[in-house]
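S.K.: Below is the structure, and that's it, no one-letter string:
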């Protein structure tokens with residue numbers, strides 16, 4: 001059986017597994033936002049960064065990519081993703097239906113935020129998010145890199161995200177003006 005994964009953040013530009021097929025897809029009732037404090041990859045326990053997560057929100061629609069793992073790599077792909085995404089248990093692994101741009105509907109492994117987890121920080125004002133992202137650095141590099149790469153890949157795919165693009169522009173302004 002095919003293994004599909006829904007990418008909405010770093011999986012767009014760094015899936016880390018062999019992708020046999022990628023298709024633009026939408027996930028109903030979830031919103032992409034910087035609602036998870038990152039204490040490993042893009043921040044530290046002393047100065048957490050922020051990473052994207054899917055926050056359940058009835059009526060919302062998150063656009064991203066559905067990525068199909070290469071045949072025969074399903075188990076290894078799941079093991080890799082669980083090691084990467086479930087590092088602090090802030091994400092919950094779910095299998096959710098996503099609608100592909102070509103009309104197909106597939107079930108995809110999707111990592112959504114656990115709103116009861118200590119790393120959840122939904123509802124932070126965008127200005128506060130920008131300040132955090134401009135300063136934080138973690139084991140996988142600067143938080144700015146994560147934001148810039150995600151925004152660039154959404155642009156390449158033609159996927160609009162007004163909040164994320166506002167954050168990109170504001171963070172660049174903070175960094176360029178030495179305010180970070």
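M.R.: It's in. As the structure is a computational prediction, the values presented were derived from the model and not from experiment.

S.K.: ok, now how distant is the residue nearest the centre of the chain from residue 137?
M.R.: By CA atoms, centre = their mean, the mean C-alpha position of the chain lies nearest to residue 9, the distance being 2.7 Å. To residue 137, residue 9 is 18 Å away according to CB to CB, to the nearest Å. Any C-beta I mention is one placed from the backbone N, CA and C, and that applies to glycine too.

S.K.: Kindly report the same for residue 150.
M.R.: 17 Å.

S.K.: Same check on residue 77?
M.R.: 28 Å.

S.K.: between the two, who's got more neighbours?
M.R.: residue 77 (22 against 15; other CB atoms under 10 Å).

S.K.: tell me which element the more buried one is part of?
M.R.: helix 74-85 (DSSP states H and E).

S.K.: For the protein, just list every one of the helices.
M.R.: For the chain, the helices defined by DSSP state H cover 74-85, 126-135, 143-157, 162-176.

S.K.: neighbouring contacts of the shortest one?
M.R.: Which is helix 126-135. 34, 43, 47-50, 124, 143-144, 146-147, 163, 166-167, 170-171, 174-175, 179-180 (CB atoms under 8 Å, 6 or more residues apart in numbering).
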